[in-house]
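Asker: Give the three-dimensional model of this entry:
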Amino acid sequence: MEQNKQPSGQPRKPEQQPRQTYRKQSQPKSPQGRRPQPKKKQQPNLRLALAACVLVAVVALVVIGLVACNSGQKAPLTIDPGTSAGAWAKNDAGYYFNSDGEPILAATKKGIDVSKYQGEVDWEKAQAAGIDFAMIRCGFGSEWNGTGDYAQDDEQWCRNADECTRLGIPFGTYLYSYATTEEQAKSEAEHVARLLGLVAPPHEGLDDYTATPYQLSYPVYYDLEDKSITGLYPDEMAHLTEVFFDRLKELGYKGEEGIYASINWTRGRLTDPAFDRWRDNFWIARFNSALGYTGPYSIWQATYTEPGEKYGVQSDTVDVDFVMEELTFTGIKATSKDILPSLTNDTYKNELWLPKAKATATLLTDEPSESEGGQKIFWSSDNEDVATVNKHGEVKAKADGTCTVTATLADGRMSADVTVRVGAFTIPVYVTGNLHGLTEGEEVSLADIAALKAGSEDSILVDAGGSLQGTARASLTGGMDMTSAFAAAGYDLQAFDASDMAYGTDRLLSDVMTATGPSIASNLYTTENEALLARSTSWSRNRISNGMNTIVEEAGKKIGFFSLASIGNSAQTKELTAADLALAASEQVAALQAQGADAILCIAGPDTDISGIYADLADLGVTAVLDAGATANSTTKANGIAVVAAGSGWDSVGCLNLTFAADGSMTAEPASMSAADLKSARGSYTTAQQTAYDSAFTSLQSLADGDEDVRSQTLFTFEANESADKTISFANYAAALYLAYADGDRANCPQDAADLTVTALAGGITELDFGDVTRGALCDAVPAGQRLVLARTTSAAIGALIDTGTVTRTYEESLTAFEPTDGDALVVTDTATLEALEQAGGSYTILRDYGDVFWDIRMNINDVTNNFANPFTLPEAPQRGAGRK
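Answerer: So this is what the prediction gives:
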């Protein structure tokens, strides 16, 4: 809806976002607006009464004639909607058209929605512009509690409702919700009840409408979109909606109930069965030429850019809405001695599955029967070799394959399609892992992965972890480049392991918001004993995850996923605990089975060894393991479980083919596609694959271009330390920071290394220039893409590395030569420097991982400069020795 003014004690409503809206609405049933004053009875005019009787008789004869004609009709009529009268306008033939000049066949009425942001509406002008109804905001948030200074009634509610009443314009109302508790939901209901005139004000200073209550022709809509409620799970949101409407009914409301939301929220949050009570009265916002929604609804909010002056509003633009009368499939009627057919609707398409030839199912729609005043439905199949359909909507399978069955109303205006599948089918699950911050390899990129997924409309795409860190580009954005790239390629979900915590857990929670699918790390818990990724949101906050398990529905089957992760040696996970792998698996499998999963897949992260619990997983009923710790694309099975190798990075992509047979059985077969396979497939793309490739390629290029903008952003100002005669160098500063990480983490070192001497070495550091330092300049000055680690090696190896002159120690230590000792020592440095140590003949064992080097340095500078508000200066050097000023 429109931008709301910040009420005291309430969160500010975000800037208006593109929306999407649908709704199939019943005809207005009652007078609108305030109840009219009673009038004196008048004697009926006999002639008028007789004329009315004659008119009724004529209409009845016409209806009977039409029914008789329809009963003999052999095919649906061919409609001619005429030409467009302009975007969102109705032409002389009675059809509305969209912004692309296409008819909106389901639209039967046009309206606008308004609030105080449209100012004083000239409703006579709006009516003359062709609106048939209005949606009026009555207010936002809770009822005033009598304290403080915030009134949350819409300033134009009374005037708008009174004017619509006076002019006979049917209207409904909506309340913008902030409720996250039952108490708040009840208060919001009490707020609406007062504004409708159902109850008196609870406090002085509030308007009283009880003398002439308003009557609505359209529902009261609960507007669910505010950022403050994005942390609610769907069932929690549905419960608060129920509390709101139940309280409203207690206060005397007897009208219809509805929910307003964007199409993304509708698909991402309102699919929970708990919302079924309001599903037929969904008012869905999508600012596009079409809604593209196959589920039940009643109103579509189609655009927010119609000129306000045209409709008599004072704002520059106004929202336009349509009552939509779609033809919708509601279910099937089927009997079977073995496997029953199934009908599914993911709001993108309807799909009927028939297990084998001769299987039948009768499709049901929401169109009333002809005897009840509905239209005759004509049925057709586009491939009768696969399935036929009779005049009653009974579909009969003929042979394995796919076809489309269409139901069309007799007047030709509305139709609905269902994809019919006969026989066995396969759902391919593609899985990547260990991409290490790369959106492309030497031969292929995530655009090729997107095309691979598009090769089957039933495919699922997963990342098994180890992909967020490893390049300077990934470091620059704290991993967000990779989660955004996952979204561009169409990933359905992503799992994370210890190596993905390189930027810290808070940053991870921020990163996953840019992904399209849920994020999971099933067995990692915070100090509050909550799953690490619980209540994490994705798809621009349109989806929410429990952080432990998820179900992806394809081809009418529910494929369940959970993941097992390790804390490993990551210091970034020091506040996390990892639940026992077998116990976590048991809990997640039980949860997925309770949700009706048809197959359950376990994702194992690259840092997590689950080979010891294969037997447990098999006993639990796990179908397969997607293992990012495995690099061989094996087709073998361990303990009866298919194991898909998902740890080969850009060398290959793992695949699990889930095949559902006609007898109800399922098989799971591992496979893989090499980078060469993916590259060679480009020459034989289908249209869908080419579209997916091009779209992902464009999005990935846009991300790369955006990174250049990020590189140019100023992070902080680097100034000389005027109070110091000498300062340490930037490399000295980095080494000192490294040492601070190690010293602060000594308690977590292995016991046999606790007393070893620690030396900090900063390699790959260049000095910064004074002045504004951009993200890119800092990234170039440090070993970006590397990890800061504490390793055990020999003192001699450390000395040999120092002697190369390629590394810098802390300033105090650099005053004297490094004197190696016998035995082992500890070094804290970046992983590239460790590789140099190994090349010089040394060996090492990593004991602790402190995450991404660039991010560690960036966040430390952030801390010492008060979020970059103050200049960054280097500390003063000791009195003796060479330093930098």
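
Asker: Show me the residue at the heart of this protein, geometrically.
Answerer: In the chain, the C-alpha nearest the mean C-alpha coordinate belongs to residue 539, at 2.8 Å (Cα atoms, centre = their mean).

Asker: Show me this structure divided up by domain.
Answerer: 89-324, 329-422, 425-706, 716-864 (automatic domain parsing).

Asker: Quick one: end-to-end distance for the second one.
Answerer: Terminal residues of domain 329-422 lie 19 Å apart, using Cα to Cα, to the nearest Å.

Asker: which ones are touching the residue nearest to the centre of the chain?
Answerer: Shown in contact with residue 539 (Cβ atoms under 8 Å, 6 or more residues apart in numbering): 264, 268, 487, 515-517. Backbone N, C-alpha and C define where each C-beta goes, glycine included.

Asker: Which one (most neighbours) among those residues?
Answerer: residue 515 (27 neighbours; other Cβ atoms under 10 Å).

Asker: Please report how far that residue lies from residue 488.
Answerer: 10 Å (Cβ to Cβ, to the nearest Å).

Asker: about what we covered before: so which of the domains of the chain gets nearest residue 872?
Answerer: domain 716-864 (5.0 Å; Cβ to Cβ).

Asker: first to last residue in the closest one, what's the distance?
Answerer: 11 Å.

Asker: Renumber starting at 39 from here on
Answerer: I'll keep to 39 as the first residue from here, and by that count the last item is domain 754-902.

Asker: gap between it and the chain center?
Answerer: 40 Å (Cα atoms, centre = their mean, to the nearest Å).

Asker: pLDDT averaged over it, what's the number?
Answerer: Mean pLDDT, domain 754-902: 94.

Asker: element containing residue 837?
Answerer: Using DSSP states H and E, residue 837 sits within helix 833-841.

Asker: now residue 901
Answerer: Short version, using DSSP H and E: residue 901 is in helix 891-902.

Asker: what do you get for residue 664?
Answerer: strand 662-665.

Asker: Distance from the chain centre to that strand, please.
Answerer: 25 Å.

Asker: Starting from it, tell me which strands it pairs with and how they run.
Answerer: Strand 662-665 has these partner strands in its sheet, going by DSSP bridges: strand 637-642 (parallel), strand 679-683 (parallel).

Asker: How many residues are close by residue 796?
Answerer: When neighbours are defined as other Cβ under 10 Å, residue 796 has 16 of them.

Asker: How about residue 621?
Answerer: For residue 621, using other Cβ under 10 Å, the count is 12.

Asker: Mind giving me the packing neighbours of the host helix or strand of it?
Answerer: Using DSSP H and E, residue 621 maps to helix 619-632. If contacts are counted by 3 or more Cβ pairs under 8 Å, 6 or more residues apart in numbering; DSSP states H and E, helix 619-632 sits against strand 587-592, strand 595-602, strand 637-642, helix 652-658.

Asker: Include mean neighbour count when you put those into a markdown table, please.
Answerer: A markdown table is the format used below for the helices and strands packed on helix 619-632 (neighbours: other Cβ atoms under 10 Å):
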| stretch | mean neighbour count |
| --- | --- |
| strand 587-592 | 20 |
| strand 595-602 | 25 |
| strand 637-642 | 27 |
| helix 652-658 | 18 |
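
Asker: and of those, who's closest to residue 543?
Answerer: Checking these against residue 543 by Cβ to Cβ gives strand 595-602 as the closest, at 15.5 Å.

Asker: now the angle from the closest one to helix 619-632?
Answerer: Taking axes from the mean of the first three to the mean of the last three Cα atoms, to 10 degrees, one finds strand 595-602 and helix 619-632 inclined to each other by 160 degrees.

Asker: would you put the C-alpha positions of strand 595-602 in CSV?
Answerer: Provided in CSV are the C-alpha atoms of strand 595-602 (Å, rounded to 0.1, in the frame of the first residue of the first chain):
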residue,chain,number,x,y,z
LYS,A,595,6.1,-34.7,-4.9
LYS,A,596,7.6,-33.3,-1.6
ILE,A,597,11.4,-33.5,-1.5
GLY,A,598,12.7,-32.9,2.0
PHE,A,599,16.2,-31.6,2.8
PHE,A,600,18.2,-31.2,5.9
SER,A,601,21.9,-30.5,6.4
LEU,A,602,24.7,-31.6,8.7
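
Asker: what residues does stretch 855-873 touch?
Answerer: Residues contacting stretch 855-873 (Cβ under 8 Å, 6+ apart): 776-777, 779-780, 787, 791, 794-802, 821, 824-834, 836-837, 839-840, 844-845, 847, 875, 882, 884-885, 888, 891.

Asker: What of stretch 842-851?
Answerer: Taking Cβ under 8 Å, 6+ apart as the rule, stretch 842-851 contacts 766-767, 769-770, 772-774, 777, 797-801, 803, 839-840, 852, 856, 867, 871, 874, 878, 915-916, 919, 921.
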